[in-house]
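> sequence and predicted model, in that order:
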Number of protein chains: 2
Amino acid sequence: MRNREETYGLIVETAYKMFAENGFDKTSLAMIAKEVGISKPAIYYYFDSKEKLIDFLFDEICKEIMDQYAFTVEDLTVNNFEQYLLTIGFQMIEEQEKDVHFNKIFNEYILLATRKERYMKQLNKIQKGYFESFSMLMNHGVTIGAINQENVESKSNMLAMVIDNIGNFILTGLELDYKGIWKEAVKSVLLSVRND
Amino acid sequence: MRNREETYGLIVETAYKMFAENGFDKTSLAMIAKEVGISKPAIYYYFDSKEKLIDFLFDEICKEIMDQYAFTVEDLTVNNFEQYLLTIGFQMIEEQEKDVHFNKIFNEYILLATRKERYMKQLNKIQKGYFESFSMLMNHGVTIGAINQENVESKSNMLAMVIDNIGNFILTGLELDYKGIWKEAVKSVLLSVRND
DNA sequence: GTCTATATACCGATAGAC
DNA sequence: GTCTATCGGTATATAGAC
């Protein structure tokens, strides 16, 4: 027998995995209940509806993401700035290669967001935070003289888009030299010299 | 009254729109039939099953995509190479801003592909073609002296990833200076000079 | 808390008349 | 070609016993 917290946690964990694997619509509460080892109505003791369960997981995932991109700007100098950019990119790539579930379910939520305003608002907040984190990092790079200050915002956005999209292609199993791409993106930005 | 071709075309067109708007699972054949102005069984005269209809639309979309990135390499010189890169990027951005349906349904198919091998194979073929098109273009840029030949492949992949991901962010309604980002990406790649 | 049993609704798909 | 009627299956959700 399990206690309340254990069952609750197991439902959440199992729902997360199964939603990621099969999608929301193709995962019924009966399937989740069977996997957890309880009956379908037992889920309703913990969650008012399937939608509420999906909502809850969305909020959990959002929190997790926002915790993730808290870059440390201190201790960065012109000497270690490039290496730091490379390292955080490599870390993101490795995490995405390890945890396929995360990317899959997050893409499900992106599509859901296009049809549900509450999700879209939250998603946009995350996206803005993501771009702003990169922006802060790059502006710090300007301050310490690691990057040319011209079009910092666009450079920053470009880097953010590259690393974000690597996750999408990993999802489709396409095997590219992602670390090489990231390396090139970082170097292109750091060393770019404008002549116009 | 409509003839066979007209009804067929209307089913395809309506299914495309409704699948993009609501997703495959949340769009029933009854909904499509009602929108077209026929009964549900009438759809079965044209398509054996809902799955076959979804399959058909996937193939149509794949064809459309593959037609799209047939870059013309001829007539490119060191003087107009950068402008050409900018132009094709701007065109892609404008198309994605115009046709939201396309991006939405394509993302649905990407998720479907992670669960259906036939889709994934086709998707990977498209992705490879996409990256190869960029690669051809960039290698031509090297030949005419518009780009440094170092890490051309990674530079090419980077550009492809930037322009591809712009579509994803447009889908979420996030308003960024996408053309500025693309401009910066192109210039970074063209003017990058390595010092190691 | 968890169960069995069930209400209600909708789905994809088919039969068969016209 | 298109219809009405319907089948079989499954979904979410609830009632009520333990």
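Arrived safely. Numbering: from 1, shown residues only, chains lettered A, B, ... in the order given.
> hmm, who's touching the lowest-mean-pLDDT helix or strand in chain A?
Within chain A, no helix or strand scores below helix A:178-191, which has a mean of 93 by mean pLDDT, DSSP states H and E. The contact list for helix A:178-191, computed with Cβ atoms under 8 Å, 6 or more residues apart in numbering or on different chains, reads A:81-82, A:85-86, A:89-90, A:93, A:138, A:141, A:146-147, A:155, A:158-159, A:162-163, A:166, A:169-170, B:151, B:153-155, B:157-158, B:161, B:188-189, B:192-195. Using the backbone N, CA and C atoms, a C-beta is placed for each residue, glycine as well.
> let's go with 7 Å and repeat that
Residues outside helix A:178-191 that contact it (Cβ atoms under 7 Å, 6 or more residues apart in numbering or on different chains): A:82, A:85-86, A:89-90, A:93, A:146-147, A:155, A:158-159, A:162-163, A:166, B:151, B:154-155, B:157-158, B:161, B:188-189, B:192-195.
> give the buried residues for it.
A:178, A:181-191 (16 or more other Cβ atoms under 10 Å in any protein chain shown).
> still on that earlier bit, now restrict the contacts of helix A:178-191 to buried residues only.
For the contacts of helix A:178-191, a neighbour count by 16+ other Cβ under 10 Å gives the buried set as A:82, A:85-86, A:89, A:93, A:146-147, A:155, A:158-159, A:162-163, A:166, B:151, B:154-155, B:157-158, B:161, B:188-189, B:192.
> what does chain A put close to DNA strand C?
A:1-2, A:4, A:7, A:33, A:37-42, A:45-46 (Cβ under 7 Å from any atom of the strand).
> 6 Å - rerun?
Applying Cβ under 6 Å from any atom of the strand, we find that chain A lies next to DNA strand C at A:2, A:4, A:7, A:38-39, A:41-42, A:45.
> so where's chain A uncertain?
A:1, A:192-196 (pLDDT under 70).
> give me the most central residue, it.
The centre of chain A sits closest to residue A:65, judged by Cα atoms, centre = their mean, with a distance of 5.3 Å.
> how near is that residue to residue A:58?
Taking Cβ to Cβ, to the nearest Å as the measure, residue A:65 falls 11 Å from residue A:58.
> in the helix or strand hosting residue A:51, what counts as buried?
Assigned by DSSP states H and E, residue A:51 belongs to helix A:50-68. Within helix A:50-68, the residues that qualify as buried are A:50, A:53-55, A:57-58, A:61-62, A:65, counting by 16+ other Cβ under 10 Å.
> up against DNA strand D, what does chain A have?
Counting by Cβ under 6 Å from any atom of the strand, chain A sits next to DNA strand D at A:28-30, A:40-41, A:44, A:49-51.
> and which of the residues you listed is nearest DNA strand C?
residue A:41 (3.6 Å; Cβ to the nearest atom of the strand).
> residue A:51 versus that closest one, what's the distance?
Computed with Cβ to Cβ, the distance linking residue A:41 and residue A:51 is 17 Å.
> can you check residue A:86 too?
From residue A:86 across to residue A:51, the span is 42 Å (Cβ to Cβ).
> just residue A:175 next, same as before
37 Å.
> ok, the residue lying closest to residue A:138 once chain neighbours are set aside - how many residues close by?
Nearest residue to residue A:138 in three dimensions, chain neighbours excluded: residue A:156, at 4.0 Å (Cβ to Cβ, 6 or more residues apart in numbering or on different chains). Around residue A:156 there are 24 other residues, counting by other Cβ atoms under 10 Å in any protein chain shown.
> got a list of what residue A:156 touches?
By Cβ under 7 Å, 6+ apart, the residues touching residue A:156 are A:134-135, A:138.
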